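Participant: model the following, please.
(2 chains)
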Amino acid sequence: MKKEARGTSWQSCAKKNAVACTVYHIWTARNRRLFEGTVVTSDGIIREIKTQLITPIIKPSILIPKPTKFPDNQTTFIPFSQLQQIKHLESQLISTLQDCKNLAQIKQTHAYIIRKCLHQSSYIISKLIRMLAKINVPMLSYGISVFSQVRYPNAFLYTALIRGYLNDGRLNESVVVYNSMRNDGTPPVSFTYTALLKGSASEMNVNLGRQLHGESVKLGGFSVDLFVGNVLIDMYIKCGCLDCGRRVFDEMPERDIISWTSLIDAYAKAGEMGSASELFGELPEKDMVAWTAMVTGFVQNSKPREALEYFERMQNGGVQADEVTLVGVINACAQLGAAKYAHWVRDVAENSGFRPANDVHVGSALIDMYSKCGCVDDAYNVFESMHENNVYSYSSMIIGLAIHGRASSAIELFEEMVKTDVRPNSVTFIGVLTACSHAGLVEQGKHFFEIMESSYGVNPHVDHYNCMVDLLGRTGRLDEALDLIKSMPMEPNAGIWGALLGACRKYANPDIAEIAARNLFKLETANIGNYILLADVYAKAERWEDVMKVRKMIRKKALRKSPAFSWVEGEKGVIHEFYAGDITHPRSREITEALENLVNRLKINGYQPNLSSVVYDVSDEEKRRMLMNHSERLALAYALLTTDDGSAIRIVKNLRICEDCHLFMCGASQVTGREIIVRDNMRFHHFRDGSCSCCNFW
DNA sequence: TTAGGGTTAG
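Facilitator: Model (predicted):
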């Protein structure tokens, strides 16, 4: 048998070897390997190729029209000695194709390809179809007709068509092509599976994914392919079958850092930080992305201290951080809410060469962090310094201003934003409505609520209704708030009824409170805060029997009150934590003295404790004692003892600040001349010269 | 040609 191919001819290929000519490669005896190239025919060698790459032609499916007649008048005889020239021409045409910017240019190049008689080359045509996808030309008739003109498509060409359809989001059609390919007897390649698996993942079609998984194993042993394995892990993760992804991972004969990181990140996103850490510990070589997945994972699971700990380990290990890592670290600091960390991370970012001005992700994260740390002016400085702003940076800034009670600035910024190309989204309106709500701007709030859909096409969600109920409720429009809830197009959630109940406490309205509570208890049976709110409403109305009934319900359900605590930065930026009535602090005696001293100064200034903040039926003297031990006051006294006179005092509280403490802080800011910033679980309060930035709407 | 980590609210 002759071992050398002598020449190649399109004509002879078409006529003599119709059955064998899906050949994409040419066998040469000289180096005993398959060359990428064009179709070849030659008596001796063809039989040998046949045995390897035989592909019977079966009638293509409806999606792939039957190939047209071979153009006899354009056949050319190409001697084997010129094969290198053909290959050269092919690569030239491919680079021409890659430079195409639009459909017209592709069509022009295609005409040239036909003139050069290379339109039967699967290599070139698959590139052409890929280019259609790249320049965002949907897989219309052109791509299909180009495909159908190739008489003997190979696996790469079929895969290009599959990817073209997937690029259009047409998963079903791509599966039809895959089935035709199978019917034609063309063995799929690993790209075929990676493409289809990605398509299944983006449509969360796990059944298709499973079928493809099975076939990939059966047909080509692709289970050992690293790429297919990784895409399989990804597909199962995206479809929510983390265990299946893990099984693929465990069975993979070879894994790389991508296999590991995909799974680590999936565990983190599923809230399984234990599994994520375990896997991360086993990862032999940890790179920047893997470390970042851990840092971000802890942040996503509200574990900022662990996130910072991993970041420190990453730095100690000499692994460079990039802007993605920094966004994670910045978010960790935002969760901690401590100004000390905020300034530290800003330095870290700038030392790593990421100036917020140049990176909108880092900038937006910094704005959010500074706002949450009580430094709204710093947040605004970052915002102003940014070269580019998007909906995230604008929304973060608007929300920042809103939670700090700067409603007019928030609204001004919104007005400025809508003059640019940046379109507000659902979150932007949460910010704008929150601003109105925290400042009691009823008419403006109603206006924004109306125009969000009519002018900006943003449908109000339940959260926007929540803001509106909050706004109406805070300003005492309880009936109007209840009417709005009744008119909602969706079911009100616990947040809505909770906002109404909170407003009922402020305005001592037990009738509406009972309606709110009835609905709220159905939705959140075990949230003790709701029962306490209702008890507060009854206490304000001095309906002590009803208070007792609520307390009984709490006992019956065995609900435990979550302890109130506050923390504050003391000497050298060390954070100190105080519980209500806490006497465990080493300087407890001094703290009590400082507090008594402060109360006396406040009393001279006219401070009268608001005893209705205590919802227990006890003597007034006992109420006074209970109020005096609230955790934020202990924190304040400690800060007064240990920090410089000129500096602001920043207190973070886990629950909502009570009315009497609010009054107390107003007075304290006046008699001490200090700025006091309290972050409660709702918002920030800036106390300065006897008044609060919230204007008593909170 | 195919693969891993990120920004606003709740």
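Participant: can you give me the strands for chain A?
Facilitator: A:7-9, A:25-28, A:33-36, A:77-79, A:565-569, A:575-579, A:649-653, A:676-679, A:684-688, A:691-692 (DSSP state E).
Participant: where does chain A have low pLDDT?
Facilitator: The model of chain A has pLDDT under 70 over residues A:1-84, A:140, A:220-224, A:562, A:573, A:615, A:697-698.
Participant: grab the most central residue of it for me.
Facilitator: A:Gln300 (9.4 Å; Cα atoms, centre = their mean).
Participant: so that residue makes contact with A:Lys269?
Facilitator: Yes. The criterion here is Cβ atoms under 8 Å, and A:Gln300 meets it with A:Lys269 at 6.7 Å. Glycine gets a C-beta too; all of them are placed from N, C-alpha and C.
Participant: quick one: residues in contact with stretch A:421-434.
Facilitator: Stretch A:421-434 is contacted by residues A:389-391, A:394-395, A:398-399, A:401-403, A:410-411, A:414, A:417-418, A:445, A:448-449, A:452, A:456, A:458-461, A:463-464, A:467-468, A:471 when judged by Cβ atoms under 8 Å, 6 or more residues apart in numbering.
Participant: go through it and flag the buried ones.
Facilitator: Going by neighbour count (16 or more other Cβ atoms under 10 Å), the buried part of stretch A:421-434 is A:422, A:424-425, A:427-434.
Participant: relative to the whole chain's centre, how far out is that stretch?
Facilitator: Relative to its parent chain, stretch A:421-434 has a centroid offset of 18 Å by Cα atoms, centre = their mean, to the nearest Å.
Participant: quick one: it near DNA strand B?
Facilitator: Yes. Using Cβ under 7 Å from any atom of the strand, stretch A:421-434 reaches DNA strand B at A:425-428, A:430-431, A:434.
Participant: ok, which residues in the stretch 51-200 of chain A are in contact with DNA strand B?
Facilitator: Contact residues (Cβ under 7 Å from any atom of the strand) of the stretch 51-200 of chain A with DNA strand B: A:126, A:130, A:156, A:159-160, A:163, A:190-191, A:194, A:198.
Participant: of those, which belong to helices?
Facilitator: Of the positions in these, A:126, A:130, A:156, A:159-160, A:163, A:190-191, A:194, A:198 sit in helices, assigned by DSSP state H.
Participant: in TSV, list these along with neighbour count.
Facilitator: Below are those laid out as TSV (neighbours: other Cβ atoms under 10 Å):
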residue	neighbour count
A:Ser126	27
A:Arg130	19
A:Phe156	18
A:Thr159	28
A:Ala160	26
A:Arg163	24
A:Ser190	18
A:Phe191	18
A:Thr194	24
A:Lys198	18
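Participant: and the residues you listed, which is closest to A:Asn179?
Facilitator: Taking Cβ to Cβ as the measure, A:Asn179 sits nearest to A:Thr159 out of these, at 13.6 Å.
Participant: wait, what's in contact with that closest one?
Facilitator: Per Cβ under 8 Å, 6+ apart, neighbours of A:Thr159: A:126, A:188-189, A:191-192, A:195.
Participant: number of nearby residues for the closest residue to A:Val442 other than its chain neighbours?
Facilitator: Leaving out its chain neighbours, the residue that sits closest to A:Val442 by Cβ to Cβ, 6 or more residues apart in numbering is A:Thr475, at 5.4 Å. Neighbours of A:Thr475 under the rule other Cβ atoms under 10 Å: 19.
Participant: distance of A:Thr475 from DNA strand B?
Facilitator: From A:Thr475 across to DNA strand B, the span is 18 Å (Cβ to the nearest atom of the strand, to the nearest Å).
Participant: got the phi and psi for that residue?
Facilitator: phi -90, psi 10 (degrees, to the nearest 10).
Participant: can you list the residues of the stretch 301-450 of chain A near DNA strand B?
Facilitator: Counting by Cβ under 7 Å from any atom of the strand, the stretch 301-450 of chain A sits next to DNA strand B at A:321-328, A:331, A:359-362, A:364-365, A:368, A:390-393, A:395-396, A:399, A:425-428, A:430-431, A:434.
Participant: buried subset of these as a PyMOL selection?
Facilitator: Burial among those is assessed by 16+ other Cβ under 10 Å; the matching PyMOL selection reads:
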select buried, chain A and resi 321+323+325+326+327+328+331+359+360+361+362+364+365+368+392+393+395+396+399+425+427+428+430+431+434
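Participant: who's in contact with A:Arg601?
Facilitator: A:Arg601 makes contacts with A:Val671, as judged by Cβ under 8 Å, 6+ apart.
Participant: returning to what we had before: wait, the residue nearest to A:Val442 touches A:His438, no?
Facilitator: No. Applying Cβ under 8 Å, one finds A:Thr475 not in contact with A:His438, separated by 11.2 Å.
Participant: could you find the closest non-adjacent residue to the residue in the stretch 501-650 of chain A positioned nearest to DNA strand B?
Facilitator: The nearest approach of the stretch 501-650 of chain A to DNA strand B comes at A:Glu524, 12.0 Å away (Cβ to the nearest atom of the strand). Closest residue to A:Glu524 apart from its sequence neighbours, by Cβ to Cβ, 6+ apart: A:Ala494 at 4.6 Å.
Participant: A:Gly209 too?
Facilitator: The shortest distance from A:Gly209 to any non-neighbouring residue, by Cβ to Cβ, 6+ apart, is to A:Ser200 (4.0 Å).
Participant: same check on A:Glu514?
Facilitator: With sequence-adjacent residues excluded and distances taken as Cβ to Cβ, 6+ apart, A:Glu514 is closest to A:Leu534, at 7.8 Å.
Participant: try A:Tyr341
Facilitator: A:Cys333 (4.0 Å).
Participant: what do you get for A:Gly363?
Facilitator: A:Pro356 is the one closest to A:Gly363 (Cβ to Cβ, 6+ apart), at 3.7 Å.
Participant: contacting residues around that neighbour?
Facilitator: The contact partners of A:Pro356, taken as Cβ under 8 Å, 6+ apart, are A:349, A:362-363, A:366, A:382, A:385-386.
Participant: can you check A:Ile651 too?
Facilitator: For A:Ile651, the contacting residues are A:566-568, A:632, A:635-636, A:639, A:676-679, by Cβ under 8 Å, 6+ apart.
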